[in-house]
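K.L.:
The amino acid sequence is not available; the structure is as follows:
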């Protein structure tokens, strides 16, 4: 009986670790719940229940012994879809019988500690190019491509640095958009750019929570109302921070 209880807790640890990695990396709520229950079923726990919100995961396993429940808190969230895909790959290997419990736990712990994000300069370069391309997509002129790249790149650098020292995401997004508005105005003022609105719109697009909005809608459509509404509120707060930073610049200049 004691060995069976230990085995059940080990299965729950694997499932919770997989769910934690996915949720912290931007995975949808229903995908996290489905992955955890499939993994539990593959290890022999047919009756399992999971309740996932953006800030926590509750997972319970039913069997011959009394029901066991564990809870973990999610304090940080980011966008790292590669980790989500890697957890899905491990989950498929578990359900196909390729991985045992110990191997799955080892792989998930290695993945949790792994940093698969792009280097700092690659992120900044991608943000710069994306800002210029978004500006063109919003019917801007090619002469404003370089100013949009500069504003978007510098603003994204500010976002990364501010978020490192100020863990509250609202303030880092507000300050980053403030820098974008200030630099865009300066570039137009000295004649390097022409259309201030198009430069600003293109530059702030790298801060817009596109994945968060998409996940909020998908969670609402899947019936996860709490997660959908909370993610939608977080996206709305981000949009408010971006708009406030630009509004402060335009109101004083």
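P.N.:
Now that the structure is in, tell me what you want to look at. Fair warning: this is a prediction, and the values are worked out from it, not measured in the lab.

K.L.:
When you work out contacts or count neighbours from here on, use the C-alpha atoms and nothing else.
P.N.:
Will do.

K.L.:
what about the helices in the chain?
P.N.:
Remark: helices assigned in the chain by DSSP state H are 2-24, 29-42, 81-95, 101-113, 120-137, 145-165, 169-189, 196-204, 210-221, 225-252.

K.L.:
Report the buried residues of the shortest one.
P.N.:
It stands for helix 196-204. 196, 198-204 (16 or more other CA atoms under 10 Å).

K.L.:
From those residues, pick the one nearest residue 150.
P.N.:
residue 203 (8.5 Å; CA to CA).

K.L.:
Quick check: nearest residue in space to that closest one, chain neighbours excluded?
P.N.:
residue 152 (4.1 Å; CA to CA, 6 or more residues apart in numbering).

K.L.:
which of the buried residues of helix 196-204 sit farthest apart?
P.N.:
196 and 204, at 12.4 Å, using CA to CA across the buried residues of helix 196-204.

K.L.:
Need the residues that contact stretch 162-178.
P.N.:
Stretch 162-178 has contacts (CA atoms under 8 Å, 6 or more residues apart in numbering) with 155-156, 158-160, 204, 207, 237-238, 241-246, 248-249.

K.L.:
now with 10 Å?
P.N.:
76, 151-152, 154-161, 179-184, 200, 203-204, 207-208, 234, 237-250 (CA atoms under 10 Å, 6 or more residues apart in numbering).

K.L.:
domain parsing for the protein?
P.N.:
2-113, 120-252 (automatic domain parsing).

K.L.:
so who does residue 153 touch?
P.N.:
By CA under 10 Å, 6+ apart, the neighbours of residue 153 are 121, 123-132, 147, 159, 180, 203-204, 206.

K.L.:
The nearest residue to it once chain neighbours are set aside - how many residues pack around it?
P.N.:
Closest residue to residue 153 apart from its sequence neighbours, by CA to CA, 6+ apart: residue 128 at 4.3 Å. When neighbours are defined as other CA atoms under 10 Å, residue 128 has 27 of them.

K.L.:
Would you check that residue 128 makes contact with residue 203?
P.N.:
Yes. At 7.9 Å, residue 128 and residue 203 qualify as touching, with contact defined as CA atoms under 10 Å.

K.L.:
between these two, what contacts are shared?
P.N.:
In contact with both residue 128 and residue 203: 147-156, using CA under 10 Å, 6+ apart.

K.L.:
re earlier: okay if I get the buried residues of helix 196-204 as TSV plus pLDDT and distance to residue 33?
P.N.:
Formatted as TSV, these follow (pLDDT from 0 to 100; distance: CA to CA, whole Å):
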residue	pLDDT	distance to residue 33
196	91	45
198	93	41
199	94	41
200	94	39
201	94	36
202	94	36
203	94	36
204	94	33
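
K.L.:
returning to what we had before: name the residues contacting each of residue 196 and residue 204.
P.N.:
In contact with both residue 196 and residue 204: 148, 181, using CA under 10 Å, 6+ apart.

K.L.:
any idea of the mean pLDDT for stretch 84-104?
P.N.:
Across stretch 84-104, pLDDT averages out at 91.
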